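1. Sequence and predicted model, in that order:
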Amino acid sequence: MLLCVNSPHQPWNSTLPTLTLLPNCKTSNDVNQIHARLLTTGFIRNDFLTTKIILNFISSPHAHLIEFARHVFFTRHAFRVRRKQEDPFLWNAVMKSYSHGREPKQALAMFCLMLENGVCVDKFTFSLVLKACSRVGLVKEGMQIHGLLKKMEFGLDVFLQNCVIWWYLRCGFVEIARQVFDRMPKRDSVSYNSMIDGYVKCGMIIAARELFDCMPVEEKNLISWNSMISGYAQSKDGLNVAWELFEKIPARDLVSWNTMIDGCVKHGKMENAHHLFNQMPKRDVVSWANMIDGYAKLSSIDVARSLFDGMPERDVVACNAMMAGYVQNGYCMEAVKIFHDMLSKSEMIPDATTLLIVLSAIAQLGHIEKGIALHRYLEENGFSLNGKLGVALIDMYSKCGSIGNAKSVFENIEEKSIDHWNAMIGGLAIHGLGKLAFDLFMEMGKLCVKPDDITFIGVLNACGHAGLVKEGLVCFDLMRRVHKVEPKLQHYGCMVDIFCRSGHIEEARALIEEMPIKPNDVIWRTLLGACKNQENFNIGEPIANYLIGLDYNNPSAYVLLSNIYAGQGMWNDVSRVRMMMKERNLKKTPGCSWIELEGTVHEFFVHDKSHPQVTEIYSMLNSLWIPNSGASYCQS
C-alpha cells in the first residue's frame, strides 16, 4: 500500500517524497493519496512536479492513472498563459494517450483546442491526429488536416507524408494515397512499403508488384518482400509466385516462414506447409497455430491435436486454434474442456475470440447450464456485450432453448448493432415465434435501425415457420421497395418455403419460374417436399426426375419421388426407384435427436442400438405403447 509519509530527512515543503513515490503508484487509492498531498502542500501549483506526474502517468496501463494525468493537465497546464513558440511536448503526450487509446476521437478534439488557444503544433502533433483519424475512419476531418498540413513549413516532411499516405489507405482511398506518394519530393522505405501493403490489402497485387519491382534496391527490405509474399500467398492463383519470391528473398525472418505456411494452409497444401514447418530454424506460436488450423480444416483433427500436444509452450492463440478446430469438426465437448483447462491456469487468460468459440460450442451442444455459467463469467470479468460476444450469447441461449434468457440479454444491451437484432430475430424464428420476430422487425423501423439482407432472411424464416404468409409477403415487398435490398437466392428460398408450408404450391412454382436467379437444388427440394405432403403428383414427379439428373448421388430426391409414387399407389414405380437407390448404393441419412439429462447430452439415430442403456430405453418405450395404436418399439 502506497503511503505519502514525510521523511524525517525531508521538509514538508519538499517535492522529493512525491517524486519518489510516483513509479510505485498503481491503484486508485494511490492516486487519491498523491492528489491529497498535492492539494494540502500546495504542490498542485508546482509546474515541475505536475509535469512529472503527467509524464509518469499518461502512458500507464492503468486507466485511473491516465485519467488523473489528464485531469492535472487540463486543470493546471492546458489554459495557462503561454510563452511564444512554447514546446507542445506535454500536449502531444496527452494527445497520444487518446490517439493510441480507447478514445481516438478525443485526439482530434485536443488538436482543435490547441489551434484555438494558439498552442504551437509540430510534426508529432500532426502524426498523432492523423493516426486518430485513421483509427476511426474520419474522412472529412482527415482531409482538413491534410489541407492544413500543406500550409505548414514542415508539410513535405517524409515522416508526415507517410502518415498521410497511411491515413488515406486506412480510409480506403488507395488512388489518392498513390497521388500523395507520386508527389513526394523524397521517399523512404516506409513510403514504398505503405503503398505496397495498401495495394496488397485491396487485392491489387499487380499494382503492388509493379511498385515493388521499381523500388530502389537500397529501400527494399524484409517488410517489402514479406508484403509481396503475403499478397501472392493469399491470392487465388498466386502460391507459385509466392514460392518464387520466398526462394529469392535475401534473408528470411519468422514472418516470411509463417506467411508461406499460412498461404499453403489456405490453399489446402498441408504437405508443403508441413515441409516448411519442419525446415523452420525457429518457430513461434503463430507457426504452430497455422498448422493446427490447417489440419483441422482438412478434418485431420487427430494430427492437429498431436501438434497441439507437442507444443513447447502454449498461449491463447494456440488454444483458440485447437478449440476452433474441434468445433468445426463437431467435437464441441473437447473444445469446452480446453477452455476449462485454460481457466485452471493463472497465466492463460481467455480473450474475446476464446469466448466466442466456447459460446458456439455450447450452442451446438445445447448445454444451457454451461451457457449460464459462461454468461456469469462474462459479467464477472467485465466483457462488453455491445459487440460480437453479445450476438453470440443471444444465439447460444436461443439454440439452447432459452429464448427468455436470449431476450433478456438483447434488452439489456445498450448499444445494439444490426447483428444483435438479427440474432434475436433468428432466435425467435427457430422457436416458431414468427409473430414476435415480425413485430421486432417492425420495431427496427420505428427506431430507424437499418436492416440488412441477413435481417430479411431471419424474418422470412420466422414467417415460414409460423405460417405467416401475409407478413412474409409484406416483408419481401419492404425489402425491395423501401430498403432497396436486392433479394438473393436465400431470400427467394425463404419465400418458396413460406408458400410451400402453407400449401400454396402453384404460387411457389410461379415464383421459382419468375426468379431472376437460377434456383438451386435446395429450392427445388423444398417444392418437391411440399408436393409430397400435398400429394401433388403432376408438379412433383418432373421436379424429382430433374433433381436426380442434377445430382444422382443425393438420396433425398429418390426418397421423395418414391413417397410421391407410394401416395398414388404406383407400387411398380416405387420398386423401380428403390432399385435405383440400391444399384447406386445410396442410403438416406438417418434422423437424429438429442436430449440433455443431468448435464449430459445423449444422441440417438433412427434404429440406433449403440447407447449403453438401450435395453432400458426400449423397455420404457414398450411400456408406453398403446395396444390399439398398432405400433411397438422393439430392438430386433
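-> That came in fine, so what should we check first? Residues are numbered from 1 along each chain as shown.
2. What values do phi and psi take at G330?
-> phi 90, psi 10 (degrees, to the nearest 10).
3. Count the residues that sit near the closest residue to it other than its chain neighbours.
-> Once flanking residues are discounted, G330 sits nearest to Q364: 7.6 Å by C-beta to C-beta, 6 or more residues apart in numbering. C-beta coordinates here come from the backbone N, C-alpha and C atoms, glycine included. Close neighbours of Q364, defined as other C-beta atoms under 10 Å, add up to 18.
4. Which positions within the helix or strand hosting Q364 qualify as buried?
-> Taking DSSP states H and E as the definition, Q364 sits inside helix 352-365. For helix 352-365, the neighbour count (16 or more other C-beta atoms under 10 Å) marks 353-365 as buried.
5. what's next to it, contact-wise?
-> 316, 319-320, 323-324, 326-327, 330, 332-333, 335-336, 339, 342, 350, 370-371, 374, 377-378, 383, 387-389, 392-393, 395-396, 399-400, 601 (C-beta atoms under 8 Å, 6 or more residues apart in numbering).
6. Who are the packing partners of the helix or strand following it?
-> Past helix 352-365, further along toward the C-terminus, the next helix or strand under DSSP H and E is helix 368-380. If you count contacts as 3 or more C-beta pairs under 8 Å, 6 or more residues apart in numbering; DSSP states H and E, helix 368-380 packs onto helix 352-365, helix 388-399, helix 403-412.
7. Now do helix 368-380, average pLDDT.
-> Average pLDDT, helix 368-380: 94.
8. and the angle from it to helix 388-399?
-> Going by axes from the mean of the first three to the mean of the last three C-alpha atoms, to 10 degrees, helix 368-380 is angled at 160 degrees with respect to helix 388-399.
9. just how off-centre is helix 368-380 within its chain?
-> Offset of helix 368-380 from its chain centre (C-alpha atoms, centre = their mean, to the nearest Å): 20 Å.
10. Send me that helix as CSV with only the CA atoms.
-> Taking C-alpha atoms only, helix 368-380 is exported to CSV below (Å, rounded to 0.1, in the frame of the first residue of the first chain):
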residue,chain,number,x,y,z
ILE,A,368,-27.9,-24.5,-21.1
GLU,A,369,-26.2,-24.8,-17.7
LYS,A,370,-22.7,-24.3,-19.2
GLY,A,371,-24.1,-21.4,-21.1
ILE,A,372,-25.4,-19.7,-18.0
ALA,A,373,-22.1,-20.3,-16.2
LEU,A,374,-20.2,-18.7,-19.2
HIS,A,375,-22.6,-15.7,-19.2
ARG,A,376,-21.8,-15.2,-15.5
TYR,A,377,-18.1,-15.4,-16.3
LEU,A,378,-18.5,-12.6,-18.9
GLU,A,379,-20.3,-10.4,-16.4
GLU,A,380,-17.8,-11.0,-13.6
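11. tell me which residues of it are tucked away?
-> For helix 368-380, a neighbour-count test (16+ other C-beta under 10 Å) marks I368, K370, G371, I372, L374, H375, L378 as buried.
12. just stretch 290-298 next, same as before
-> Quick answer for stretch 290-298 (16+ other C-beta under 10 Å): N290, M291, I292, D293, G294, Y295, A296, K297.
13. what do you get for stretch 146-156?
-> H146, L149, G155.
14. Repeat that for stretch 160-168.
-> Going by 16+ other C-beta under 10 Å, stretch 160-168 has these buried residues: L160, Q161, N162, C163, V164, I165, W166, W167, Y168.
15. Looking at those residues, which are in helices?
-> Among these, DSSP state H puts L160, Q161, N162, C163, V164, I165, W166, W167, Y168 in helices.
16. so what pLDDT did the third one get?
-> When you say that, I think you mean N162. Confidence score, pLDDT, at N162: 94.
17. For it, which non-adjacent residue is closest in space?
-> Excluding its sequence neighbours, the residue lying closest to N162 (C-beta to C-beta, 6+ apart) is V190, at 4.8 Å.
18. Same question for the last one.
-> If you skip the residues right next to it in sequence, Y168 has A177 as its closest partner in space, 3.8 Å away by C-beta to C-beta, 6+ apart.
19. What of K388?
-> In space, K388 is closest to L356, 6.0 Å off (C-beta to C-beta, 6+ apart).
20. Ranking helices and strands of the chain by mean pLDDT, which lands last?
-> helix 16-21 (a mean of 59; mean pLDDT, DSSP states H and E).
21. related to what we said a few turns ago, is it possible to get JSON lines of the buried residues of stretch 160-168 that adds distance to E471?
-> Converted to JSON lines, those look like this (distance: C-beta to C-beta, whole Å):
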{"residue": "L160", "distance to E471": "57"}
{"residue": "Q161", "distance to E471": "57"}
{"residue": "N162", "distance to E471": "55"}
{"residue": "C163", "distance to E471": "52"}
{"residue": "V164", "distance to E471": "52"}
{"residue": "I165", "distance to E471": "51"}
{"residue": "W166", "distance to E471": "49"}
{"residue": "W167", "distance to E471": "46"}
{"residue": "Y168", "distance to E471": "46"}
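22. tell me the two of those that are most distant?
-> L160 and Y168 (13.0 Å; C-beta to C-beta).
23. quick one on the thing from earlier: any chance you could give me the host helix or strand of the residue nearest to Y168 in CSV, C-alpha atoms only?
-> Applying DSSP H and E as the criterion places A177 in helix 174-183. The C-alpha coordinates for helix 174-183 follow below in CSV (Å, rounded to 0.1, in the frame of the first residue of the first chain):
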residue,chain,number,x,y,z
VAL,A,174,-5.9,3.9,-52.5
GLU,A,175,-5.7,6.2,-55.6
ILE,A,176,-5.4,9.4,-53.5
ALA,A,177,-2.7,7.7,-51.4
ARG,A,178,-0.9,7.0,-54.6
GLN,A,179,-1.2,10.6,-55.7
VAL,A,180,0.4,11.7,-52.4
PHE,A,181,3.1,9.1,-52.9
ASP,A,182,3.9,10.2,-56.5
ARG,A,183,4.1,13.9,-55.5
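24. Dump whichever helix or strand comes after it to PDB, restricted to CA.
-> Using DSSP H and E, the helix or strand that follows helix 174-183 towards the C-terminus is helix 189-201. Provided in PDB are the C-alpha atoms of helix 189-201 (Å, rounded to 0.1, in the frame of the first residue of the first chain):
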ATOM      1  CA  SER A 189      11.300   2.500 -47.400                       C
ATOM      2  CA  VAL A 190       8.200   3.300 -45.300                       C
ATOM      3  CA  SER A 191       6.600   5.200 -48.200                       C
ATOM      4  CA  TYR A 192       7.100   2.300 -50.600                       C
ATOM      5  CA  ASN A 193       6.100  -0.400 -48.000                       C
ATOM      6  CA  SER A 194       2.900   1.500 -47.000                       C
ATOM      7  CA  MET A 195       1.800   1.700 -50.700                       C
ATOM      8  CA  ILE A 196       2.700  -1.900 -51.400                       C
ATOM      9  CA  ASP A 197       0.800  -3.100 -48.200                       C
ATOM     10  CA  GLY A 198      -2.200  -0.900 -49.200                       C
ATOM     11  CA  TYR A 199      -2.300  -2.400 -52.700                       C
ATOM     12  CA  VAL A 200      -2.000  -6.000 -51.300                       C
ATOM     13  CA  LYS A 201      -4.800  -5.500 -48.700                       C
END
